[in-house]
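S.K.: Quick one, what's the 3D model for this:
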Amino acid sequence: MRYRWIEHLAQAWDAFIEDVFSCVPEDTKKHIKNARKEFLLAVRSIIDKKIESLEKGKKSEVKKVKVEKA
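M.R.: The predicted structure is shown next:
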């Protein structure tokens, strides 16, 4: 693998998170999990709104143009 350090970094990060969360109370873990989910849902809603505005913009940009023969 060309970038083995990335794999090692990912494993180190996972171990770090596991160690940190091992001393966190269960109810705190639940709140963190819910907060992470809510954050992702918020990001999704922003993306969805941007997609909608792009799609609306495409529809209004279509104009009929009369072409004269040369």
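S.K.: Show the residue spans covered by the helices in this protein.
M.R.: For the chain, the helices defined by DSSP state H cover 4-22, 26-61.
S.K.: and of those helices, who's closest to residue 70?
M.R.: helix 26-61 (26.3 Å; CB to CB). (C-beta placed from N, C-alpha, C; glycine too.)
S.K.: Give me the distance between the closest one and the centre of its chain.
M.R.: 8 Å (CA atoms, centre = their mean, to the nearest Å).
S.K.: where in the chain is pLDDT low?
M.R.: Within the chain, the segments meeting pLDDT under 70 span 1, 58-62.
S.K.: Please repeat the previous calculation with a cut-off of 80.
M.R.: 1-2, 57-63, 70 (pLDDT under 80).
S.K.: about what we covered before: just send the helices of the chain back as a markdown table, with mean neighbour count too.
M.R.: Putting the helices of the chain into a markdown table (neighbours: other CB atoms under 10 Å) gives the following:
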| stretch | mean neighbour count |
| --- | --- |
| helix 4-22 | 10 |
| helix 26-61 | 10 |
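S.K.: Just put those in CSV and tack on distance to residue 69.
M.R.: Output for those, formatted as CSV (distance: least, CB to CB, whole Å):
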stretch, distance to residue 69
helix 4-22, 61
helix 26-61, 26
